[in-house]
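Student: Quick one, structure for this:
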Amino acid sequence: MKKILTSGTRLFLLVASITLLAFPVTEANAVARIHVETVVSAPGATVGVGVYLGGNTDAFSGGLIPLRYNSADVTPDSISLIGTILDPAMTVVKSMNVDSGYFGVLIIPPFSSPIPTVSVDSGLICTFWYTVSPSAQPQNITIDSLNTVDTVSIAPLILSRRRVNLVDPTGLIIYLPSFTPGHIQLLATAVNDDITDPALPQRFELNQNYPNPFNPSTKIGFSLPAKTSVTLDVFNLLGQRVTTLFSGELGAGNHEVEWDASANPSGVYFYRIKTGLGVKTRKMVLMK
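Tutor: Presented below is the predicted three-dimensional model:
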């Protein structure tokens with residue numbers, strides 16, 4: 001089971017984030033690339049930004065993905081592992097610093113044998129979630145890689161580095177993949193005057209659940225401009241499917257599904273709708 005921790009206090013001897021004097025490490029440029037997607041959002045929304053691996057030819061067991069954002073109008077929120085290519089035994093450590101615009105994850109394998117590896121060519125690593133200020137103005141926010149090198153005075157450490165990297169199963173090779181930044185494109189909230197009949201939506205939309213936070217039930221609405229297959233799932237913070245709320249075919253129109261979470265613990269959940277028109281995911285909070 002994948003774990004998400006909220007601090008980076010655990011020592012990672014595979015040197016994803018530190019370089020040791022007494023520990024020989026080889027750096028190698030990787031064929032792999034890591035890219036952040038570009039998403040569109042509006043003021044007051046919670047938006048997920050996916051981080052993807054592509055073109056990978058090597059196996060890795062850990063790594064570091066430190067990102068920075070260049071606007072005070074977004075605040076780091078949480079990290080989702082829904083649909084991740086990471087091994088379930090790996091631990092994902094979340095860290096952030098709002099003042100410096102930093103939001104990142106450290107991927108740590110279990111200290112056991114054999115060490116699990118990721119060797120797929122491409123796929124989703126994780127999703128970074130941000131909350132957009134309700135007063136945010138239209139702008140293009142860049143989600144770029146962080147690349148810092150700081151001197152550390154405690155022996156035997158020589159440098160402390162935060163940069164995008166992947167670590168091989170031995171911990172002796174740090175792969176440096178190419179990186180492509182992404183963006184959050186903030187648009188002004190607009191009213192579409194052309195839509196006069198709410199029963200006939202013109203776009204595929206997944207609405208924010210209401211109420212949110214909720215206890216113990218909430219409603220999830222979505223709009224379909226055409227008849228299509230629909231699967232609506234709920235996931236926990238570890239990316240595990242909690243329940244399937246609907247699976248079948250629905251016609252064009254506005255639809256609503258209720259989730260009774262009486263048997264579930266408090267926490268952050270994600271709901272994802274998969275249709276022939278696309279896939280959308282949103283976050284919700286159960287607070288008992």
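Student: Ser223: what's it in contact with?
Tutor: Residues in contact with Ser223, defined by Cβ atoms under 8 Å, 6 or more residues apart in numbering, are 201, 203-205, 207, 253-255. C-beta here means a position set from N, CA and C on the backbone, and glycine is covered the same way.
Student: which ones among those residues are found in helices?
Tutor: Among the contacts of Ser223, none falls in helices (DSSP state H).
Student: Is the closest residue to Tyr130 other than its chain neighbours bridged to anything, and to what?
Tutor: Of all residues not flanking Tyr130 in the chain, Val74 sits nearest, at 4.3 Å (Cβ to Cβ, 6 or more residues apart in numbering). In this entry, Val74 is beta-bridged to Val132, by DSSP bridges.
Student: How much space separates Val74 from Thr127?
Tutor: For Val74, the distance to Thr127 (Cβ to Cβ, to the nearest Å) stands at 14 Å.
Student: Glu27 now?
Tutor: Noted for Glu27: a distance of 28 Å to Thr127, by Cβ to Cβ.
Student: So those two - more neighbours on which side?
Tutor: Between Glu27 and Thr127, Thr127 has the larger neighbour count (other Cβ atoms under 10 Å), namely 23 against 11.
Student: residues touching that one, list them.
Tutor: So Thr127 contacts 48-51, 79-82, 281 (Cβ under 8 Å, 6+ apart).
Student: wait, which of those residues is closest to Pro116?
Tutor: Within the set of the contacts of Thr127, Leu81 lies nearest Pro116; the separation is 14.4 Å, counting by Cβ to Cβ.
Student: follow-up on the earlier one: okay, and which of the contacts of Thr127 map to strands?
Tutor: If you go by DSSP state E, the contacts of Thr127 have 48-51, 79-80, 281 in strands.
Student: can I get those residues in a markdown table with distance to Phe111 and neighbour count?
Tutor: Shown next, in a markdown table, are the ones in strands among the contacts of Thr127 (distance: Cβ to Cβ, whole Å; neighbours: other Cβ atoms under 10 Å):
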| residue | distance to Phe111 | neighbour count |
| --- | --- | --- |
| Gly48 | 31 | 23 |
| Val49 | 31 | 23 |
| Gly50 | 29 | 19 |
| Val51 | 25 | 23 |
| Ile79 | 22 | 24 |
| Ser80 | 25 | 26 |
| Thr281 | 32 | 19 |
